[in-house]
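>>> 3D model of this:
(6 chains)
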Protein chains: 4
Amino acid sequence: MDDDARPLRADARRNRALVLEAAEAILARDGLGASMRAIARHAGVGLGTIYRHFPTQEALYQAIIIDRTQRLVDRAQSLHHADDPGAAFFDFFTDIVENATRKKTLADVLADAGIDAKAGMSEISRNMRDAIETLLTRAQRAGAVRDDLHMPELLALLAATCMAAERNQWDRELRTRTLAIVFDGCRPRG
Amino acid sequence: MDDDARPLRADARRNRALVLEAAEAILARDGLGASMRAIARHAGVGLGTIYRHFPTQEALYQAIIIDRTQRLVDRAQSLHHADDPGAAFFDFFTDIVENATRKKTLADVLADAGIDAKAGMSEISRNMRDAIETLLTRAQRAGAVRDDLHMPELLALLAATCMAAERNQWDRELRTRTLAIVFDGCRPRG
Amino acid sequence: MDDDARPLRADARRNRALVLEAAEAILARDGLGASMRAIARHAGVGLGTIYRHFPTQEALYQAIIIDRTQRLVDRAQSLHHADDPGAAFFDFFTDIVENATRKKTLADVLADAGIDAKAGMSEISRNMRDAIETLLTRAQRAGAVRDDLHMPELLALLAATCMAAERNQWDRELRTRTLAIVFDGCRPRG
Amino acid sequence: MDDDARPLRADARRNRALVLEAAEAILARDGLGASMRAIARHAGVGLGTIYRHFPTQEALYQAIIIDRTQRLVDRAQSLHHADDPGAAFFDFFTDIVENATRKKTLADVLADAGIDAKAGMSEISRNMRDAIETLLTRAQRAGAVRDDLHMPELLALLAATCMAAERNQWDRELRTRTLAIVFDGCRPRG
DNA sequence: TATGAATGAGTATTCATTCAT
DNA sequence: GATGAATGAATACTCATTCAT
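Coordinates of the predicted model:
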């Protein structure tokens, strides 16, 4: 809670990044059974170093989620001015799900976004909602997505497909077929 | 080892059921971190009693999944001869997702079904696939569901919506809206 | 402690014997890790039946030891009037060790005999000492065993060889060679 | 896995020794029923500390045995160049047995040596056999021990006397008397 | 500042023993 | 009397977290 925004020495910043990377890798491999020691070993740092950067396992996991959320925001924003808003919307959706099969914990990001929506939402999470909403609105204005598709169900669909894709390792074919159904459901009838 | 299918004393059967119920409740509350002790306490039995009925935590969890799968099969089969095959199909889907918000671990059943489909599938799991496939086929014959919707993506969609609904506790409104999209995607294009 | 010497119904006596036999077999197989349940299963009786005859695991084990001790006494006494007292002595020793490789817990009998010697010795244990002492004395009178070999070290040698033979499963050859040394040590010096 | 023979921090080495000592003490007191917790308490360290040094109860016990074996090897080798090879042989035997009455688990070392002899024997165990064999051979060349006494029965005798001495806490008198018999059996006749 | 040794609460599981059937 | 279901204390072991080096 203290914003302690000192610039962090170069090696310290590097260690922080190493830990985050290792944590993602180990989480992907071991799931919830991942241990702090395994992460430290994979990162090539001592256990204490993890705790210097993240006071708690919980804190480390949150940092990962923030990390992921930011990347997701970046991807969404990079499509905000695409020529074809419909394609941008569906491409974004497809990319997100494809990514989920590779890196776990992505689904959590989206899942929690829906929850946070109700309560006080952290800034980063709000950014994500906004970035996605922009994609949605533009696609709707372009007539590529039905007007009665709203954010809650869109986030729900994103979270659902990501969770399942990541848990069951959807292959390309299954991903394509399943999203085809969902996308058709998103398009205007008629 | 020995199949020992003796009928089980009345009190023993009751305890077995108590344990299963408690396990579901505790799993819903604590997730994968649920402890055998917590389950025993919730069931009001000693730790040893759990182990008498289920030699292993793993075995207990599998028993729960089998239990759930069977209930799902029952529900599907009860709709096999419904007058309106289209309504039967969508009602089943809706019911399943609604249930998932109440009882966790339902999603796992469906998730694993997709996986097992490829490899050797246990009998109970195969039953489930068959029961669902019947619903699908009838709905397609009735023209209520598009013909190019196949089992893999149907199971994927069921698993995805159940997982998300259960994790994020979708309320009635969100459930209705989200499924509306998916269902539209399942219908033949007009 | 209450001598409760009611004659025991025929089936009860049979069960008692079954349990004792099973206990020996399981102890030989599983060593100290033997469980009451395994013994019950091997005996083909319920757990409760064991506890009806032996109030405690400890009590069961003691019963086994008493059993064994008695058999050892019988064997010794059967040799008390042998024609060749020297051969009787060494044959007894050899038999005991040979038996130890087959049935565990024999060593305990002899080991404890040495200990009890000092303190108050139970009747059965005293019988054993007496029976062995008779063999020893006769062998000494016959000039086959040195006169300065006394009971304490004789019991120590018996216990030692039994323990080792049983723990390491001495084969016939090793048994013969090792006892040859000990026996030579027992003979009068020429 | 990785041999990781880092020199170990001073306090860590001290704790490792503390654990080994405590384990010996508790094993001597409680026998095979000794619990890891009891050992930790006796050593004045946390449970986790034991597991840092010995990944498994089994591993801890093996470490103790290796420790003991090494000490036994040292003692034997220190007598390899004694002036009187006969005295060296019998002194070694006597020392070993005397030690067994104080520290348990010594018998196991010798017992297992006999067994390992047949199969692949670990290096340390082979060292022990070699060291003892040297004592034996020198004593035989000096005419103090009969030529037909071979390693298998010598190890058997050592194991037997150690086991019994340790189990029944042979006092000095009993030790002397019993070994006198065995030693006479080891001497050349005539 | 980084390291990894130490800690101990928490986990699954076993087993002697009791007691309702 | 016999059975085996229920009990819970005890066991080996793991892992997040702290802190001396």
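
>>> can we go C-alpha only for contacts and neighbour counts from here?
Will do.

>>> in chain A, what residue is nearest chain C?
Taking C-alpha to the nearest C-alpha, chain C has its nearest neighbour within chain A at A:G33, 32.0 Å off.

>>> after the lowest-mean-pLDDT helix or strand in chain A comes which helix or strand?
Scoring the helices and strands of chain A by mean pLDDT, DSSP states H and E places helix A:106-118 at the bottom, with a mean of 59. For helix A:106-118, the following helix or strand on the C-terminal side (DSSP states H and E) is helix A:123-141.

>>> Check which element follows that following helix along the chain.
Following helix A:123-141 in sequence, per DSSP H and E, is helix A:151-168.

>>> how much does that next one deviate in direction from helix A:123-141?
Between helix A:151-168 and helix A:123-141, the angle comes out at 110 degrees (axes from the mean of the first three to the mean of the last three C-alpha atoms, to 10 degrees).

>>> I'm curious whether helix A:151-168, anywhere along its length, sits up against chain B.
Yes: contact of helix A:151-168 with chain B (C-alpha under 8 Å from any C-alpha of the partner chain) involves A:152-154, A:156-157, A:159-165, A:167-168.

>>> Can you add neighbour count and pLDDT and give these back as TSV?
Converted to TSV, those look like this (neighbours: other C-alpha atoms under 10 Å in any protein chain shown; pLDDT from 0 to 100):
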residue	neighbour count	pLDDT
A:P152	19	96
A:E153	21	97
A:L154	20	97
A:A156	28	96
A:L157	24	97
A:A159	31	92
A:A160	27	95
A:T161	31	96
A:C162	32	93
A:M163	28	90
A:A164	27	92
A:A165	27	92
A:R167	19	86
A:N168	18	86
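
>>> TSV please, covering those residues and showing distance to B:I181.
Listed next are the residues of helix A:151-168 next to chain B as TSV, based on distance: C-alpha to C-alpha, whole Å:
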residue	distance to B:I181
A:P152	12
A:E153	8
A:L154	9
A:A156	11
A:L157	9
A:A159	14
A:A160	13
A:T161	13
A:C162	17
A:M163	18
A:A164	17
A:A165	19
A:R167	22
A:N168	22
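
>>> my guess is A:L79 contacts A:A88, does it?
Yes: assessed by C-alpha atoms under 8 Å, A:L79 is found in contact with A:A88 at 6.0 Å.

>>> give me the residue from chain A nearest chain D.
A:R37 (12.8 Å).

>>> wait, doesn't that residue sit right on A:L47?
Yes: look at A:R37 against A:L47 with C-alpha under 8 Å: they come within range, at 6.3 Å.

>>> Check whether whichever residue of chain A sits closest to chain B sits in a helix, strand or coil.
Going by C-alpha to the nearest C-alpha, chain B is nearest to A:G185 of chain A, at 3.7 Å. Under the three-state scheme (DSSP: H, G, I helix; E, B strand; the rest coil), A:G185 adopts helix.

>>> list the contacts for it?
B:A180, B:I181, B:V182, B:F183, B:D184, B:G185, B:C186 (C-alpha atoms under 8 Å, 6 or more residues apart in numbering or on different chains).

>>> Looking at these, which one is closest to C:L72?
Minimum distance to C:L72 across the contacts of A:G185 is 83.2 Å, recorded for B:V182 (C-alpha to C-alpha).

>>> what's the angle from the host helix or strand of the closest one to helix A:151-168?
Using DSSP H and E, B:V182 sits within helix B:172-186. Here helix B:172-186 runs at an angle of 70 degrees relative to helix A:151-168 (the same axes, to 10 degrees).

>>> mind checking how far A:R138 is from B:E133?
Distance, A:R138 to B:E133, by C-alpha to C-alpha, to the nearest Å: 38 Å.

>>> now swap in A:M163 and tell me
Distance of A:M163 to B:E133, given as C-alpha to C-alpha: 23 Å.

>>> A:P188 touches A:R141, doesn't it?
No: with contact defined as C-alpha under 8 Å, A:P188 does not count as touching A:R141 (11.5 Å).

>>> so where's chain A uncertain?
The model of chain A has pLDDT under 70 over residues A:1-9, A:103-121.

>>> Swap in 50 and give it another go.
A:1-4, A:117-121 (pLDDT under 50).

>>> re the thing from before, and the residues of helix A:151-168 next to chain B, which two are furthest apart?
Largest separation among the residues of helix A:151-168 next to chain B by C-alpha to C-alpha: A:P152 and A:N168, giving 24.1 Å.

>>> Domain boundaries for chain A, per the record?
A:1-55, A:64-186 (automatic domain parsing).

>>> now check the shortest one, is it near DNA strand F?
It stands for domain A:1-55. Yes: using C-alpha under 7 Å from any atom of the strand, domain A:1-55 reaches DNA strand F at A:G33, A:A34, A:S35, A:M36, A:R37, A:L47, A:G48, A:Y51, A:P55.

>>> Of those, which are in range of DNA strand E?
Among the residues of domain A:1-55 next to DNA strand F, DNA strand E is touched by A:L47, A:G48 when using C-alpha under 7 Å from any atom of the strand.

>>> Would you mind giving the residues of domain A:1-55 next to DNA strand F as JSON lines with secondary structure and neighbour count added?
Formatted as JSON lines, the residues of domain A:1-55 next to DNA strand F follow (DSSP: H, G, I helix; E, B strand; the rest coil; neighbours: other C-alpha atoms under 10 Å in any protein chain shown):
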{"residue": "A:G33", "secondary structure": "helix", "neighbour count": "11"}
{"residue": "A:A34", "secondary structure": "coil", "neighbour count": "16"}
{"residue": "A:S35", "secondary structure": "coil", "neighbour count": "14"}
{"residue": "A:M36", "secondary structure": "helix", "neighbour count": "17"}
{"residue": "A:R37", "secondary structure": "helix", "neighbour count": "14"}
{"residue": "A:L47", "secondary structure": "helix", "neighbour count": "15"}
{"residue": "A:G48", "secondary structure": "helix", "neighbour count": "12"}
{"residue": "A:Y51", "secondary structure": "helix", "neighbour count": "15"}
{"residue": "A:P55", "secondary structure": "coil", "neighbour count": "12"}
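
>>> any chance of the residues of domain A:1-55 next to DNA strand F in JSON lines, plus distance to chain B?
Below are the residues of domain A:1-55 next to DNA strand F laid out as JSON lines (distance: C-alpha to the nearest C-alpha, whole Å):
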{"residue": "A:G33", "distance to chain B": "10"}
{"residue": "A:A34", "distance to chain B": "13"}
{"residue": "A:S35", "distance to chain B": "14"}
{"residue": "A:M36", "distance to chain B": "17"}
{"residue": "A:R37", "distance to chain B": "19"}
{"residue": "A:L47", "distance to chain B": "23"}
{"residue": "A:G48", "distance to chain B": "25"}
{"residue": "A:Y51", "distance to chain B": "23"}
{"residue": "A:P55", "distance to chain B": "21"}
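
>>> Need the winner for burial among the domains of chain A.
Most buried of the domains of chain A, by mean neighbour count (mean count of other C-alpha atoms under 10 Å in any protein chain shown): domain A:64-186, with a mean of 19.

>>> Before I go, just wanted to say thanks for your time.
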